[in-house]
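**Q** Kindly generate the corresponding structure for this input.
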Amino acid sequence: MVELFDRQGNSHPCRVLLDNCSQSNYITERMASRLNLRRQSVDITVTGLNLASSNITESVGAIFRSRFNRFAKRIDFLDVPYITGTLPSIPLKRDLIKIPSNIRLADPEFYKPANVDALFGIQLFYKLLCSRDQLEIQGQKAVLQKTQIGWIIAGEVSLNRSKSSMTMCHLIMKPMQNDATDSELTRFWALEQVPSNQFLSPEEQACESHFSENVKRNDELTFFQCNSKVIPCFGIQVFEKPIY
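**A** The predicted structure is shown next:
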């Protein structure tokens, strides 16, 4: 949880997902409308798992602040209808996750499924981490990680029940503009493509017509000349004997 500021300078609680695989920051249309943020037109295609793509047409800028210290920053968001489903996807048993009493969690209600209002990507992800402050959670594979916005729980949480049938992946890639590699590949395939229409010079058309009229193929798949004449065709002679 962080505080996001609207255009009048008022703060609003915002539930944020940290994602070091995302190349951009995102905010839901609902949250952007609540903050009355000024929208700007963009034309960006983002791609995720299995190359599923979405076209984004608006972006906004906003200031966020930590609930625990003075860390604040203005960042740009891409405006999207939804970021993901509710997280966690199922309720977690809070008593199974032993959190030391002196730890101040960024989201004290992390165990309750709830909507995600914004996503911080790679541009901000590592700037938020306090790299030397990490604690193991007793009986869990997940760890406690200190960040500028409070302690977060990262990793797998054991549920003492059958595995959930729902899994989420938040990999998001934004194609670079004027991507040289993509341009070269497109050009390569354009050059390699066989044209659907074949254009022949007058000389080539004459040779092809002569071949069609004077050369046949027998049952043994051998080419032979139909008449006894030897006819020059622009430097090429067709002989009476079989051509293999």
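**Q** so residue 75, which of the three states?
**A** Following DSSP: H, G, I helix; E, B strand; the rest coil, residue 75 is assigned to strand.
**Q** wait, I meant residue 200
**A** Under three-state DSSP, residue 200 falls in the coil class.
**Q** any low-confidence regions in the protein?
**A** 160-199, 216-244 (pLDDT under 70).
**Q** May I see the domains of it written out as residue ranges?
**A** Domains of the chain are assigned by automatic domain parsing as 2-173, 202-238.
**Q** Highest mean neighbour count out of those domains?
**A** domain 2-173 (a mean of 15; mean count of other C-beta atoms under 10 Å). All C-beta atoms are positioned from the backbone trio N, CA, C, and that covers glycine.
**Q** Work out the gap between that domain and the centre of the chain.
**A** Relative to the chain's own centre, domain 2-173 is displaced by 18 Å; criterion: C-alpha atoms, centre = their mean, to the nearest Å.
**Q** packing partners for the lengthiest strand in the chain?
**A** Counting residues, the longest strand found in the chain (DSSP state E) is strand 53-65. Contact here means 3 or more C-beta pairs under 8 Å, 6 or more residues apart in numbering; DSSP states H and E; on that basis strand 53-65 packs against strand 2-5, strand 40-48, strand 72-80.
**Q** Turn the ones you listed into JSON lines, including distance to residue 200.
**A** Listed next are these as JSON lines, based on distance: least, C-beta to C-beta, whole Å:
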{"stretch": "strand 2-5", "distance to residue 200": "68"}
{"stretch": "strand 40-48", "distance to residue 200": "42"}
{"stretch": "strand 72-80", "distance to residue 200": "53"}
